[in-house]
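Asks: Have a look at this prediction, sequence included:
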Amino acid sequence: MTSPSNELNWWIEPDGSTHTATCASRVPQKPVLAAGKVYLESRSGVISIIGTQPASVGMISRQLLDALHTRFPGTRWWVKDPTPTQQPRTSTPAVS
């Protein structure tokens, strides 16, 4: 499936090389160091896989962020955490 023109799938091979593709089917099915998606217009990106596991904040290394900032300068990075922490609850003020 092809992504919209402002989205790129990215992945980092075990040798450290970074690749991109507009079509998700071009992302290799073999193990990669990391993978995700970058949104060019909003200059933001998502890290979704690290190694063979879904990404979590605790898995992000400085080296990974350095590699991503080199390839996609000025991009803000987010983690697609499959088990997000509980969202804060909102409450409405009591009216007296």
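Replies: Done, it's in. Numbering: from 1, shown residues only.

Asks: Which parts of this structure are strands?
Replies: Secondary structure of the chain (DSSP state E): strands at 7-12, 18-21, 34-39, 44-50, 53-54, 76-79.

Asks: Alpha carbons of the longest one, in PDB - could you do that?
Replies: When you say that, I think you mean strand 44-50. Output in PDB follows, covering the C-alpha atoms of strand 44-50 (Å, rounded to 0.1, in the frame of the first residue of the first chain):
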ATOM      1  CA  SER A  44       7.500  14.600  12.800                       C
ATOM      2  CA  GLY A  45       8.200  10.900  12.900                       C
ATOM      3  CA  VAL A  46       7.100   7.800  14.700                       C
ATOM      4  CA  ILE A  47       9.400   5.000  15.900                       C
ATOM      5  CA  SER A  48       7.300   1.900  15.900                       C
ATOM      6  CA  ILE A  49       9.800  -1.100  16.000                       C
ATOM      7  CA  ILE A  50      13.200  -1.500  17.600                       C
END
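
Asks: Does anything pack onto it? Which helices or strands?
Replies: Contacts defined by 3 or more Cβ pairs under 8 Å, 6 or more residues apart in numbering; DSSP states H and E place strand 44-50 against strand 34-39, helix 62-71, strand 76-79. Just so you know, the C-beta spots here come from the backbone N, C-alpha and C atoms, and that holds for glycine as well.

Asks: could you give me the average pLDDT of that strand?
Replies: Mean per-residue pLDDT for strand 44-50: 93.

Asks: hmm, who's touching that strand?
Replies: Residues outside strand 44-50 that contact it (Cβ atoms under 8 Å, 6 or more residues apart in numbering): 10, 32-39, 54-55, 59-60, 64, 68, 72, 75-80.

Asks: I only care about those that end up buried; give me the ChimeraX line for that.
Replies: The buried subset of the contacts of strand 44-50, as determined by 16 or more other Cβ atoms under 10 Å, is captured in ChimeraX by this line:
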select :10,32,33,34,35,36,37,38,39,55,59,60,64,68,72,77,79
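
Asks: could the helices and strands packed on strand 44-50 go into JSON lines alongside distance to C23?
Replies: Formatted as JSON lines, those follow (distance: least, Cβ to Cβ, whole Å):
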{"stretch": "strand 34-39", "distance to C23": "12"}
{"stretch": "helix 62-71", "distance to C23": "18"}
{"stretch": "strand 76-79", "distance to C23": "22"}
